[in-house]
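J.: this one's structure only:
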């Protein structure tokens with residue numbers, strides 16, 4: 001019974017380690033880019049998101065789907081997930097399109113973008129109410 005627990009623990013450690021590296025990389029690169037940007041345009045976030053999509057595609061195209069659970073956890077769920085979940089969003093959308101599931105891809109795009117904007121607005125609205133009540 002100990003082997004599955006050790007395998008699961010190793011997978012979690014890989015994800016956590018990769019996540020820390022990805023989050024620190026996002027903070028460093030995004031901040032570095034933003035400090036060199038004129039105006040309020042969120043260039044740091046945009047370039048982190050785009051580079052995350054590129055790296056996700058490069059790594060997945062190079063390594064393929066047959067990599068170990070630990071390496072997948074370290075690179076994709078951990079590092080790139082900590083760097084930007086936008087890379088997963090981009091990959092999953094392209095994957096749906098490549099499989100001929102245009103309708104599902106469109107629903108996913110609309111739900112993610114419109115839903116994300118609505119959720120952010122709702123969170124800001126509720127947070128503002130909480131703030132004024134505190």
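T.: That came in fine, so what should we check first? Here the structure is a predicted model, which is why all the values come from computation and not from measurement.

J.: tell me which residues in the helix ranked longest in the chain are buried?
T.: Across the chain, the helix with the greatest residue count (assigned by DSSP state H) is helix 2-35. Of the residues in helix 2-35, 11, 14-15, 18-19, 21-23, 25-26, 29-30, 33-34 count as buried by neighbour count, 16 or more other Cβ atoms under 10 Å. In short, each C-beta sits where N, CA and C put it, glycine included.

J.: What of stretch 58-72?
T.: Judged by neighbour count (16+ other Cβ under 10 Å), stretch 58-72 contains these buried residues: 59, 60, 67, 70, 72.

J.: that older thread, among the buried residues of helix 2-35, which two are most distant?
T.: Across the buried residues of helix 2-35, the longest distance by Cβ to Cβ is 33.5 Å; it joins 11 and 34.

J.: circling back: the longest helix of the chain packs against which elements?
T.: Contacting helix 2-35 under the criterion 3 or more Cβ pairs under 8 Å, 6 or more residues apart in numbering; DSSP states H and E are the following elements: helix 43-63, helix 69-72, helix 81-83.

J.: Distance from it to the middle of the chain?
T.: Distance of helix 2-35 from the chain centroid (Cα atoms, centre = their mean, to the nearest Å) equals 12 Å.

J.: do stretch 81-100 as well
T.: Here stretch 81-100 is found 9 Å from its chain centre; the criterion is Cα atoms, centre = their mean.

J.: which one among the buried residues of stretch 58-72 gets closest to residue 80?
T.: residue 59 (7.8 Å).

J.: What's the local residue count around the closest residue in space to that closest one that isn't next to it in sequence?
T.: What sits nearest to residue 59 in space, not counting adjacent residues and going by Cβ to Cβ, 6 or more residues apart in numbering, is residue 75, at 5.9 Å. Using other Cβ atoms under 10 Å, the number of residues around residue 75 comes to 22.
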